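Colleague: here you go, sequence then predicted model.
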Amino acid sequence: MVIHKIERYTTQIWHGSGHLLVLIDGNERYKELLINSFPNLSFSATFADSKKEYKWGTFIREWQRTDAQNIVNLLDLCTKHVLVVNPLDQMFCIDFHTDLSGKKSELGELVYKGKTYKSGPVRDNQLPASEKLTTFFLKFILQNFVYSQADLILSVPSSTHKTFDLPAVIASGLSKLIGKPMISSVLEKIPGRKSMKDCSSLGEKMENIVNSFIVKNTDEIQNKSIILIDDVYQSGATMIEVGKILKLGGAAKVLGLSATKTRKDA
């Protein structure tokens, strides 16, 4: 399920009680994101905005100034980036792959230039595109309170061997820039499965990917928060399966982050 970007929001201190009022013009699933991101804060029941300027609101009790700033930073991100609701602890795509007319977005163009589509030598434009994409990922992580506190970085494993694996290159660059270890060898892919590109439906993709990974070293991820990097989120089948295996292996949180989200899920 894709949740589109928040249209607008406001925060203010409620007179008398001192509670922090948050009003959002967007899907109510964003409240789940707030609760997940700030588990130590107490949120009131959701209510309709009496002035009908926003779709819903909530009060936050016993908050600190740093909490308010982190909430504003998160909601700002939600006006710019795409929240995807799936079994991961959080899942964001930096932008859609195309606009509604089918024209590639800026991120979509960079992914197109950076991806490996056929076997062969690395193209001249792949590395520059990956470096530009890495800056978008970096900006998102630094502005998101939950992602910036993560312990490890991992890229979604490719279903085929590639001379230039874009998610791995981005993850490696991020690891160096923010000083979080990249755990590139923690997963092992079970051989014998066909490439996800050869699956013709969402159901076939889900069936093909299930139980196709194992964690080789569970000690490495015990109670750790992991950022899981991908270039394009379509059905999400591989990312969801990797997240499930990591959680079963002992990871505390799996936070998905993809450059783009396709307009269709399959």
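Modeller: Great, that's in hand. Numbers count the residues shown, from 1 in each chain.

Colleague: ok, now which ones touch residue 227?
Modeller: Counting by Cβ atoms under 8 Å, 6 or more residues apart in numbering, residue 227 makes contact with 141, 147, 150, 152, 153, 154, 174, 180, 255, 257. The way it works is simple: take the backbone N, C-alpha and C, and place the C-beta from them, glycine included.

Colleague: by neighbour count, which of these wins?
Modeller: When neighbours are taken as other Cβ atoms under 10 Å, the top entry among these is residue 257 (28 neighbours).

Colleague: what strands line up against the host helix or strand of it, and which way round?
Modeller: Assigned by DSSP states H and E, residue 257 belongs to strand 253-261. Applying DSSP bridges, strand 253-261 is found paired with strand 90-96 (parallel), strand 225-233 (parallel).

Colleague: and among these, the most buried is which?
Modeller: Counting by mean count of other Cβ atoms under 10 Å, strand 225-233 has the highest mean neighbour count of the strands paired with strand 253-261, with a mean of 25.

Colleague: helix or strand right after it?
Modeller: Using DSSP H and E, the helix or strand that follows strand 225-233 in sequence is helix 237-248.

Colleague: mark which of the contacts of residue 227 are part of strands, please.
Modeller: 152, 153, 154, 255, 257 (DSSP state E).

Colleague: C-alpha coordinates for the helix ranked longest in the chain, PDB please?
Modeller: Longest helix in the chain, counting residues (DSSP state H): helix 126-143. The C-alpha trace of helix 126-143 is given here as PDB (Å, rounded to 0.1, in the frame of the first residue of the first chain):
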ATOM      1  CA  GLN A 126      26.800   4.900 -14.100                       C
ATOM      2  CA  LEU A 127      29.200   6.100 -11.400                       C
ATOM      3  CA  PRO A 128      28.300   9.800 -11.600                       C
ATOM      4  CA  ALA A 129      24.600   8.800 -11.500                       C
ATOM      5  CA  SER A 130      25.200   6.600  -8.400                       C
ATOM      6  CA  GLU A 131      27.100   9.500  -6.700                       C
ATOM      7  CA  LYS A 132      24.200  11.900  -7.300                       C
ATOM      8  CA  LEU A 133      21.700   9.300  -6.000                       C
ATOM      9  CA  THR A 134      23.800   8.800  -2.900                       C
ATOM     10  CA  THR A 135      23.500  12.500  -2.000                       C
ATOM     11  CA  PHE A 136      19.700  12.200  -2.100                       C
ATOM     12  CA  PHE A 137      19.800   9.200   0.200                       C
ATOM     13  CA  LEU A 138      22.300  11.000   2.500                       C
ATOM     14  CA  LYS A 139      20.100  14.000   2.900                       C
ATOM     15  CA  PHE A 140      17.000  11.900   3.700                       C
ATOM     16  CA  ILE A 141      18.900   9.900   6.400                       C
ATOM     17  CA  LEU A 142      20.400  12.900   8.100                       C
ATOM     18  CA  GLN A 143      17.000  14.600   8.300                       C
END
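
Colleague: domain map for this protein?
Modeller: Domain ranges of the chain: 2-80, 84-261, per automatic domain parsing.

Colleague: would you map the strands across the stretch 51-200 of the chain?
Modeller: Under the criterion DSSP state E, counting those that start in this stretch, the stretch 51-200 of the chain contains strands at 56-61, 82-84, 90-96, 152-155, 187-189.

Colleague: quick one: which of those is nearest residue 216?
Modeller: strand 187-189 (5.1 Å; Cβ to Cβ).

Colleague: partner strands of that closest one and their direction?
Modeller: strand 213-215 (antiparallel).

Colleague: so where's the stretch 1-150 of the chain uncertain?
Modeller: Residue ranges of the stretch 1-150 of the chain with pLDDT under 70: 119-120.

Colleague: helices of that one, start to end?
Modeller: Applying DSSP state H, counting those that start in this stretch to the stretch 1-150 of the chain gives helices spanning 29-37, 65-80, 106-114, 126-143, 145-148.
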